[in-house]
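**Student:** Coordinates for the following, if possible.
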Amino acid sequence: MTYIFVNLPTTDLDRAKEFYTALGFGINPLFTDDNAACVVVDDNIMFMIVTREYFQTFTDKQVVDPKTHAQALTALTCDSREAVDEVAAKALAAGGAQPRETQDLGFMYSRSLEDPDGNTLEFLYMEPSAVEQGPDAYLAEQGAGSQASA
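**Tutor:** Residues are numbered from 1 along each chain as shown. Reported below is the predicted structural model:
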């Protein structure tokens, strides 16, 4: 079994924990201390929210400020368009921001959000038949033409 741990720097660990629990994610206390919090997204995916100082001990590279530089965009799927909007509303109410407009490509609906530190999270719903067929075939079947590259 493969687990995914996404490490995200924070300037305020308590604020970050409040933000991620407001989205409905849990905290694993076995991997949480004064330097980091293990946010459980699902059984195999965890966000390690790490103080900037502790994060720096994992790399010799400069740790960028996620408010001004993009290093990664973490995308998570949802079960419906409504679920995307629900998690976005929770994120915004918990101090997050939506730096870009909602994207609706017909086969995929997504919202790009930032946590209070500026780390980018994308929540998206993709039509199951678009996953099976590919976006161009799905859109052609819907009579929408090719918007997959839009």
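
**Student:** Look at Met46 and report its pLDDT.
**Tutor:** Met46 carries a pLDDT score of 97 in this model.

**Student:** ok, then the element right after the lengthiest helix in the chain?
**Tutor:** If you go by DSSP state H, the chain has its longest helix at helix 81-93. Next along the chain after helix 81-93, taking DSSP states H and E as the criterion, comes strand 103-104.

**Student:** quick one: average pLDDT of that next one?
**Tutor:** 96.

**Student:** Quick one: list the elements packing against it.
**Tutor:** Based on contacts counted as 3 or more Cβ pairs under 8 Å, 6 or more residues apart in numbering; DSSP states H and E, the elements that strand 103-104 packs against are strand 108-114. For glycine as for every other residue, the C-beta is placed from the backbone atoms N, C-alpha and C.

**Student:** what's the strand it packs on in contact with?
**Tutor:** Contact with strand 108-114 is made by 66-67, 73, 75, 81, 84-85, 88, 91-92, 96-100, 102-103, 120-127, 130, 135, as judged by Cβ atoms under 8 Å, 6 or more residues apart in numbering.

**Student:** Leu76 belongs to a strand, doesn't it?
**Tutor:** Yes: remark: Leu76 belongs to a strand, assigned using DSSP: H, G, I helix; E, B strand; the rest coil.

**Student:** Number the chain from 39, please
**Tutor:** All right, first residue 39 from here; so that's Leu114.
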